[in-house]
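**Q** Fold the following and give me the result.
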Amino acid sequence: MRNPVFSDYGRRDSEYGWELDHFPIPKALGGSDDISNIRALHWRGNAAHGRLLGLGLASVSKDEKNEGLGGLFGLYPKS
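**A** Numbering: from 1, shown residues only. This next block holds a predicted model:
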């Protein structure tokens with residue numbers, strides 16, 4: 001078995017593919033690209049979080065999203 005490497009970044013066709021995840025404040029809710037809001041995550045986990053966030057955002061108005069309100073079922077603070 002090989003070790004995961006940087007070359008697997010962004011590769012969803014790889015068992016070791018990984019992506020950058022905006023956490024704790026998702027990019028969709030105004031999260032920044034600052035290193036304090038980014039973590040490396042296996043692509044499957046990142047995709048699952050994105051789907052869950054989408055479900056939570058479906059009930060949040062556009063104005064609330066722009067204000068950074070809500071998040072995944074209200075778990076994320078206002079920015």
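
**Q** Tell me how many other residues crowd Ile25.
**A** Using other CB atoms under 10 Å, Ile25 has 19 other residues around it. All C-beta spots, glycine's among them, are computed from the backbone N, C-alpha and C.

**Q** Surely it is in a strand?
**A** No - read with DSSP: H, G, I helix; E, B strand; the rest coil, Ile25 is coil and lies in no strand.

**Q** And it, its phi and psi?
**A** phi -110, psi 110 (degrees, to the nearest 10).

**Q** how far away is it from Gly17?
**A** Distance, Ile25 to Gly17, by CB to CB, to the nearest Å: 24 Å.

**Q** now Phe6
**A** Distance of Phe6 to Gly17, given as CB to CB: 11 Å.

**Q** Could you pull up the mean pLDDT of stretch 10-18?
**A** Stretch 10-18 shows a mean pLDDT of 91 in the predicted model.

**Q** Span of that stretch from start to end?
**A** For stretch 10-18, the first and last residues are 6 Å from each other (CA to CA, to the nearest Å).

**Q** So which bits of stretch 35-51 are buried?
**A** Neighbour counts over stretch 35-51 (16 or more other CB atoms under 10 Å) mark Asn37, Leu41, His42, Trp43, Asn46, His49 as buried.

**Q** Return the subset of the residues you listed lying in helices.
**A** Using DSSP state H, the subset of the buried residues of stretch 35-51 located in helices is Trp43, Asn46, His49.

**Q** quick revisit: if you count what's nearby, which of Phe6 and Gly17 comes out ahead?
**A** Set Phe6 next to Gly17 and count neighbours by other CB under 10 Å: Gly17 wins out with 16 against 6.

**Q** What values do phi and psi take at the more buried one?
**A** According to degrees, to the nearest 10, Gly17 has phi -60, psi 140.

**Q** what's the neighbour count on His22?
**A** 21.

**Q** Actually, Leu29.
**A** Leu29 has 25 neighbours, counted by other CB under 10 Å.

**Q** Kindly report the same for Trp18.
**A** 21.

**Q** Ser32 is in contact with Ile25, correct?
**A** Yes - with contact defined as CB atoms under 8 Å, Ile25 and Ser32 form a contacting pair (7.5 Å).
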